[in-house]
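>>> Sequence first, predicted model second:
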Amino acid sequence: MAAAVLEQGEDAFRKMFRLYRRKNPPVDLSGVLEFCAGEPRLRPVELSVGAVSDQDAGRLGLQPLQQWSAYHVDGYPGFLFVVNPFLPGWQHRWVRQCLKLYTQKPNVCNLDLHMGLEGDLWSRSHAQLRKKWSQRRSEKTLLEKLRWVTLGFHYNWDTKKYYKEHHSPFPADLAELSRCVSLACGFHGFKAEAGILNYYHMDSSLGIHVDESELDHGSPLLSFSFGQSSIFLLGGVSREVAPTPMMMHSGDIMVMSGASRLLYHAVPRILRHPGGGVLPPCLSVPPSSDDSSPLIEPCSPSDWEACESYLQSARINMTVRRVLVEGGSFPEEGDAQGAEVTHRDSYHNEEDELQGAEEPGLPKRTTTAAQD
Ligand SMILES: O=C(O)CCC(=O)C(=O)O
Ligand SMILES: [Fe+2]
């Protein structure tokens, strides 16, 4: 009875979410939008080619802007999609930052309450990750239990707010990457003030939501994806609007701005990248050893071994947001009390949680397919 009521009340977004989450029978992917020339729903974006020099792009691991392919999607004004603009061998550095550096204190992550004092996630996981699959214990490393990291103003998953007091310095390299990408897309004055990094495994999904907690909705939200592919659903201002399924691959960048900034969206499914290899071709080349960038140091071959092993069944997504409007401040109410973090969130869903894959005592997350 309860299930029947739920079915009847199911909105168009949730129906689509459940469709693309389905494993059996396999879902038909032919309706998923791929970002390639010739696709009738896409319009090329005119990038601000002069806004970022080739040299500034290069030191972030980005190709000269003339070589980027960027698209608008019909029906979604303000939504931009840049097809992997990274130089060969440079995505590796951003992946290494996501696993080795951004996971360190004072940044906040879902495992904080269980970390104790003996070292960070990377130092406690990388040797195990580097062992060949066959030699590895079946127990997951801490990095494989990581679900999210927050940067800058730390998003509070309980209150769905940011707080003035709960802040740590935003990583300078990621702030610069965000500044350059936003400039290239025609946005001046973007400030990276908060980041949410999502770590997905092959059974993970991210529930239906709108990113509305930032006080500045006039600035774009930037999203960077690495590793395995995923289906991204982009909907409307109501969940009654059926979303458009889009394919995201390693290196792709999305910008949600203007009328698209506050649209419902979700990630129902992680998929192995097409083409058969363990990693997509852009990550199958060795990490670039060019050490001329003052912003982001090369990824060593041994660090890459651990990252490569991790990414065989994972996707990482970084979203970067501006929180405050220019000259603005946080509202007075309840600042300090809200800054307490319980690390519970209802967005990251995982099928294997039902089978006890998490350590006893880790904070529970809901396992429903989609949340409001
Ligand atoms: O993983 C993604 O592509 C989406 C992430 C997202 O929507 C978020 O962090 O708010
Ligand atoms: Fe989001």
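Happy to help now that I have it. Ligands and ions are numbered 1, 2, ... in the order given.
>>> and the one residue in the chain that gets nearest to ligand 1, helix, strand or coil?
With Cβ to the nearest ligand atom, the shortest gap between the chain and ligand 1 falls at residue 317, namely 3.3 Å. Where C-beta positions appear, they are placed from N, C-alpha and C, glycine not excepted. With DSSP: H, G, I helix; E, B strand; the rest coil as the basis, residue 317 sits in strand.
>>> partner residues bridging it?
residue 198, residue 225 (DSSP bridges).
>>> quick one: it from residue 231, how far?
13 Å (Cβ to Cβ, to the nearest Å).
>>> same thing with residue 152?
28 Å.
>>> returning to what we had before: can you pull the contacts of the residue of the chain closest to ligand 1?
197, 198, 200, 223, 224, 225, 226, 230, 267 (Cβ atoms under 8 Å, 6 or more residues apart in numbering).
>>> any idea of the pLDDT on it?
Listed pLDDT for residue 317 reads 98.
>>> Isn't residue 273 up against residue 229?
Yes - the pair residue 273 / residue 229 is scored as a contact, 4.7 Å apart, by Cβ atoms under 8 Å.
>>> quick revisit: now tabulate the contacts of residue 317 in TSV and tack on neighbour count, distance to residue 288 and pLDDT.
Output for those, formatted as TSV (neighbours: other Cβ atoms under 10 Å; distance: Cβ to Cβ, whole Å; pLDDT from 0 to 100):
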residue	neighbour count	distance to residue 288	pLDDT
197	24	22	98
198	21	25	98
200	23	25	98
223	22	23	98
224	25	17	98
225	25	19	98
226	26	15	98
230	25	25	98
267	26	29	98
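>>> contacting residues around residue 142?
Residue 142 sits next to 111, 115, 121, 124, 125 when contact means Cβ under 8 Å, 6+ apart.
>>> That one and residue 93: what is the separation?
Applying Cβ to Cβ to residue 142 and residue 93 gives a distance of 22 Å.
>>> try residue 202
Residue 202 is 24 Å from residue 93, by Cβ to Cβ.
>>> out of those two, which sits in the busier spot?
Remark: of residue 202 and residue 93, residue 93 carries more neighbours, 25 against 15, as counted by other Cβ atoms under 10 Å.
>>> and the strand or helix carrying the more buried one, what does it pack onto?
Secondary structure from DSSP states H and E places residue 93 in helix 91-96. Under the contact definition 3 or more Cβ pairs under 8 Å, 6 or more residues apart in numbering; DSSP states H and E, helix 91-96 sits against strand 221-227, helix 281-284, helix 301-311.
>>> Can you give the distance of that helix from its chain's centre?
13 Å (Cα atoms, centre = their mean, to the nearest Å).
>>> residues in contact with it?
61, 84, 86, 177, 224, 226-227, 250-251, 282-283, 287-288, 296-299, 303-304, 307, 311, 316, 318.
>>> Each with direction, which strands does whatever helix or strand comes next after that helix pair with?
Using DSSP H and E, the helix or strand that follows helix 91-96 in sequence is strand 108-109. For strand 108-109, the paired strands and their directions (DSSP bridges) are strand 148-152 (antiparallel).
>>> now the strands: where do they sit in the stretch 1-150 of the chain?
42-44, 69-73, 79-83, 108-109, 148-152 (DSSP state E, counting those that start in this stretch).
>>> Can you say which of the contacts of residue 317 are also within reach of ligand 1?
198, 223, 225, 267 (Cβ under 6 Å from any ligand atom).
>>> I'd like those residues laid out as JSON lines, including distance to residue 54.
What follows is those, written out as JSON lines (distance: Cβ to Cβ, whole Å):
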{"residue": "198", "distance to residue 54": "31"}
{"residue": "223", "distance to residue 54": "24"}
{"residue": "225", "distance to residue 54": "24"}
{"residue": "267", "distance to residue 54": "33"}
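>>> correct me, but residue 263 touches residue 211?
No - using Cβ under 8 Å as the test, residue 263 is too far from residue 211 to be in contact (9.4 Å).
>>> And for residue 105, nearest residue in space, chain neighbours not counted?
residue 120 (7.3 Å; Cβ to Cβ, 6 or more residues apart in numbering).
>>> for that neighbour, what are its contacts?
By Cβ under 8 Å, 6+ apart, the neighbours of residue 120 are 103, 104, 105.
>>> Pull up the per-residue confidence for it.
For residue 120, the predicted pLDDT is 91.
>>> List, one by one, the residues from this structure near ligand 1.
Contact residues, the chain versus ligand 1 (Cβ under 6 Å from any ligand atom): 196, 198, 206, 211, 223, 225, 232, 265, 267, 317, 319.
>>> Am I right that the fourth one is in a strand?
No - the assignment for residue 211, made by three-state DSSP, is coil rather than a strand.
>>> Good, we can wrap up now.
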